[in-house]
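Novice: Got a sequence here, can you model it:
(chains A and B)
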Amino acid sequence: MAAQKSAPARVSNGQTNGMKRKRQDGPKQNNPLQNKKIKLLESRKKLPIWSRQQDIKAALEKNDVLVLSGETGSGKSTQLPQFLLESKWCSKCVAVTQPRRVAAISLARRVAEEMGTPLGKSSPASKVGYSVRFDDSTSPSTRIKYLTEGMLLQEMLRDSAMSQYSCVVVDEVHERSVNVDLILGFLKGLVKGINKKRKTPLKVVVMSATADVAGIARFFDEPMPSDKASGTDGDEEDDLNEAKINGDAPKRPVASPKPVSTCHVEGRQYPVKLSYLDRPTDDVLQTAFERIFKIHCKEPMPGDILVFLTGQETIQSLQKLIEEYAVNLTADYPKLLVLPLFAALPQHAQQRIFQSAPPNTRKVILSTNIAETSVTVPGVRFVVDTGKAKIKQFRNRLALDSLLIKPISRSSADQRKGRAGREAPGQCYRLYTQEGYNSLEKNATPEILRCDLSAAVLTMKARGVPDPLSFPFLTPPPRDAMEKALLQLLQLSALAEDGSISVTGKAIARLPLTPTLGRVILSSARSDPPCLRETIDIVACLSVENIFVNVETEETREQAADARGQLYRRSGDHMTLLAAVQAYAAENSDRKAWAERHLISHRAMQSVMDVRKQLRAQCLQAKLLPSGSSFSDGDDEGVSSADEELTERILKAFLSGFANNIARLCPDGSYKTFVGNQTVSIHPSSVLFGRKVEALVYNEFVYTNKAYARGVSAIQLKWLEDLFT
DNA sequence: GAGCACTGC
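Specialist: You can find the predicted model right below:
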């Protein structure tokens, strides 16, 4: 397995192995696409899912919904969509959703090869395409379309009946992203006939590695929450397993058809030996350190070690420990190469995990959760699992995100273990006890129970769900969290007093932003005079990863301060980001070199420019600019940095979305939030760090070691009077 | 004095 360099994002989780049958369409023996297809067919036939082809087709002939569980290596993501194309009911397109962009792109590439068709928009004859943000590669002849969950939700804004699809395949459901939960709820409504616009039934396949198949099947089987009150449908959960397709033909009463089939496909994994600690450790880093050297000194080469840790800080301190000790290893042992892996690491450093180590060297990859799902590290035969991860949890009473170290779930632990058996039999060392494992939660808390629901609720409203409180959730969020989100949308004027979506709300829902940032965009267009262009630049920065690269040493810190000094603005982070975007955009010769000189992430800046372009196009389309005006590429140097009036206009636009994110300076020198009167500190990454100003607006309120405001600017209290009158 | 992982016509 190798790195996919195609996508603008991180690394790949590409599926390999896979192939397909089928006659050749043409007699051309020298067609390279056809030759490749024939070659790939042999490996496809060896996939565990291959032999289940007829079962799967039969299940969907009979029922509208199939829930399929299949572990790593079963071939489900590549093969199942191809199986469906041959079914009579499948006259239109098959959509396959993925949580990540790289996965959508690499799966589409693979399946196009297997089918012997060109990829996406490269040819009008292409049968396989993909659609991810900033990159739509489909053609009118596309029959299988891999797309991110977010893209499918966006498509549903225009066409809630999903009339271009015969089937929607929802993959990786066990990851339980918010988007997947929303998609499942909408699909349930469609399957239950809520949307009458469809002429033919929509087929739905839900695929998952580990998730509770019976639970998801039951979800589709149960009546809609709104039907429950009226009792229009019976509840016959107990009969569910009758519809299993790997046994006898499903018996089902004619009067109340069971719409759900289930199916399990084995994975293809090498065995992984497990070991636990006898007693819990109180110093997990020390224990990991010892384990790594035991493996290294005892186990034969080859075989790299993958260690799961919680964050950048622990990764770097363990790296230091290992490197210091490894110097003393005698020449009898292979060398050790320590490679950190976390999302904030620059791309070139991440790519090092894909390069083979020098001769007689063992790689030790120290990774966050990124290696659990998003990145497949090749060559790993040993996994060391600390059993912990950092989890973000939204506390809606305080409107505060906490990022805390928590025990992982059993399914996460099993996923981590599986990383040792991708290429050969392996071994997994859990740095906790067997009892510890047994006491873990079975599954991780779904994101929908841990996040700010305002975006999800707005999405529902914009797609015609009148009452989000009765939306069919796989796991319904607490009522007070839903109500808080409704209130927040009301404050943003995204909802009218009666709870219906407003014109403003509809406009916000179309923007690829959180509702608060969307509201800011609209306000900036309406301010007098408008400051939309500048606000887009700032919002684009706030919606991507940090553009300023982290500096670790005293030296680089000073270097960073020097390099970035000319970009810093006294008013705070918002205007500083604007200065950075404008300076970057005005740089016409070598933007990459400019970014490096200023210790700014070029990758992040490229995303900013993509988002900016997208937002500009959408604002033009939504006619947010006065008629006759437009954006042009040459207008980036326009803003004078000392323009206090402009600063005020921009920050007031931000206050319209962030009225709850204000803190004021107290006599004791601390900042307290307006809402909730919580003590909050300016995050050390802010240009306002260490400064005292009368009041602040902040982009994010995050609890890590203490409560921090991130993305901070100084405001005047008197601005608030204008704002709320 | 500090940054789990993703995503958006």
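
Novice: And for A:D282, the neighbour number?
Specialist: Neighbours of A:D282 under the rule other CB atoms under 10 Å: 7. In this view, the C-beta of every residue, glycine as well, is placed from N, C-alpha and C.

Novice: and the residue of the stretch 101-250 of chain A found nearest DNA strand B, how far is that from A:S177?
Specialist: Of the stretch 101-250 of chain A, the residue with the smallest distance to DNA strand B, taken as CB to the nearest atom of the strand, is A:G150 at 2.7 Å. Distance, A:G150 to A:S177, using CB to CB, to the nearest Å: 9 Å.

Novice: Repeat that for A:V608.
Specialist: Taken as CB to CB, the span from A:V608 to A:S177 is 24 Å.

Novice: Of those two, which one has the most company?
Specialist: Taking other CB under 10 Å, A:V608 and A:S177 do not tie; A:V608 has more neighbours (27 against 20).

Novice: check contacts around that one.
Specialist: A:D537, A:A540, A:C541, A:V544, A:I547, A:V581, A:Y584 (CB atoms under 8 Å, 6 or more residues apart in numbering).

Novice: Ramachandran angles for the nearest residue to it once chain neighbours are set aside?
Specialist: Closest residue in space to A:V608, ignoring its immediate chain neighbours: A:A540 at 4.7 Å, by CB to CB, 6 or more residues apart in numbering. In terms of degrees, to the nearest 10, the main-chain angles of A:A540 are phi -60, psi -40.

Novice: surely A:I448 meets A:E175?
Specialist: No: assessed by CB atoms under 8 Å, A:I448 is found out of contact with A:E175, at 11.9 Å.

Novice: what does the stretch 201-350 of chain A put close to DNA strand B?
Specialist: Counting by CB under 7 Å from any atom of the strand, the residues of the stretch 201-350 of chain A close to DNA strand B are A:T310, A:G311, A:Q312, A:E313, A:F342, A:A343, A:A344.

Novice: Could you rerun that using 6 Å?
Specialist: Residues of the stretch 201-350 of chain A lying close to DNA strand B (CB under 6 Å from any atom of the strand) are A:G311, A:Q312, A:E313, A:F342, A:A343, A:A344.

Novice: What count of nearby residues applies to the fourth one?
Specialist: Meaning A:F342. Neighbourhood size, A:F342 [other CB under 10 Å]: 18.

Novice: Which residue is the nearest non-sequential neighbour of it?
Specialist: Nearest residue to A:F342 in three dimensions, chain neighbours excluded: A:T368, at 4.5 Å (CB to CB, 6+ apart).

Novice: how deep is that neighbour tucked in, by neighbour count?
Specialist: A:T368: 23 surrounding residues under other CB under 10 Å.

Novice: ok so, going back, find the pair from the contacts of A:V608 with maximum spatial separation.
Specialist: Greatest spatial distance among the contacts of A:V608 (CB to CB): A:V544 and A:Y584, at 12.9 Å.

Novice: more crowded one of those two?
Specialist: The neighbour count for A:V544 versus A:Y584, taken as other CB under 10 Å, is higher for A:Y584 (22 against 17).

Novice: The more buried one falls within a helix, correct?
Specialist: Yes: using DSSP: H, G, I helix; E, B strand; the rest coil, the assignment for A:Y584 is a helix.

Novice: Find the nearest non-adjacent residue to it, please.
Specialist: Distances taken as CB to CB, 6+ apart place A:M605 nearest to A:Y584, at 5.4 Å, with adjacent residues excluded.

Novice: same thing with A:E149?
Specialist: Spatial nearest neighbour of A:E149, excluding adjacent residues (CB to CB, 6+ apart): A:N179 at 3.7 Å.

Novice: Need the pLDDT of that neighbour.
Specialist: pLDDT recorded at A:N179 is 96.

Novice: still on that earlier bit, got a quick ChimeraX command for the buried subset of the residues of the stretch 201-350 of chain A next to DNA strand B?
Specialist: Per 16 or more other CB atoms under 10 Å, the buried members of those correspond to this ChimeraX selection:
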select /A:311,312,342
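
Novice: what's the weakest-modelled helix or strand in chain A?
Specialist: None of the helices or strands of chain A scores lower by mean pLDDT, DSSP states H and E than helix A:225-230, at a mean of 54.

Novice: Give me the neighbour count for the residue in the stretch 551-700 of chain A that DNA strand B sits nearest to.
Specialist: The minimum distance from the stretch 551-700 of chain A to DNA strand B, using CB to the nearest atom of the strand, falls at A:P684 (3.5 Å). Neighbour count for A:P684, taken as other CB under 10 Å: 9.

Novice: Phi and psi next, for A:P446.
Specialist: According to degrees, to the nearest 10, A:P446 has phi -60, psi 150.

Novice: Quick one: residues contacting it.
Specialist: Neighbouring residues of A:P446 by CB under 8 Å, 6+ apart: A:R176, A:D181, A:L474, A:T475.

Novice: hmm, back to that, want to try a markdown table for the contacts of A:V608, with secondary structure and pLDDT as columns?
Specialist: Output for the contacts of A:V608, formatted as a markdown table (DSSP: H, G, I helix; E, B strand; the rest coil; pLDDT from 0 to 100):
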| residue | secondary structure | pLDDT |
| --- | --- | --- |
| A:D537 | helix | 96 |
| A:A540 | helix | 96 |
| A:C541 | helix | 96 |
| A:V544 | coil | 93 |
| A:I547 | coil | 93 |
| A:V581 | helix | 95 |
| A:Y584 | helix | 94 |
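
Novice: Just give me the closest of those residues to DNA strand B.
Specialist: A:V544 (7.5 Å).

Novice: residues contacting the closest one?
Specialist: Going by CB under 8 Å, 6+ apart, A:V544 touches A:A604, A:S607, A:V608, A:V611.

Novice: mind running it again at 6 Å?
Specialist: Listed by CB atoms under 6 Å, 6 or more residues apart in numbering, the contact set of A:V544 reads A:A604, A:S607, A:V608.

Novice: and the first one, what element?
Specialist: Read that as A:A604. Element membership for A:A604 (DSSP states H and E) is helix A:602-621.

Novice: quick check, distance from that helix to the centre of its chain.
Specialist: Counting by CA atoms, centre = their mean, to the nearest Å, helix A:602-621 is centred 19 Å from the centre of its parent chain.

Novice: just checking, next helix/strand downstream of that helix?
Specialist: Later in the chain than helix A:602-621, the nearest helix or strand by DSSP H and E is helix A:644-657.

Novice: Tell me which residues of that following helix come out buried.
Specialist: Buried residues in helix A:644-657, defined by neighbour count with 16+ other CB under 10 Å: A:L646, A:T647, A:E648, A:R649, A:I650, A:L651, A:K652, A:A653, A:F654, A:L655, A:S656, A:G657.

Novice: following that helix, which helix or strand comes up?
Specialist: strand A:662-665.

Novice: Tell me which other helices or strands that next one touches.
Specialist: Using 3 or more CB pairs under 6 Å, 6 or more residues apart in numbering; DSSP states H and E, the elements in contact with strand A:662-665 are strand A:671-673, strand A:695-703.

Novice: State the mean pLDDT of it.
Specialist: Across strand A:662-665, the average pLDDT comes to 96.

Novice: Adjacent strands (with direction) for that strand?
Specialist: Strand A:662-665 sits in its sheet next to strand A:671-673 (antiparallel), strand A:695-703 (antiparallel), going by DSSP bridges.

Novice: All set now, cheers.
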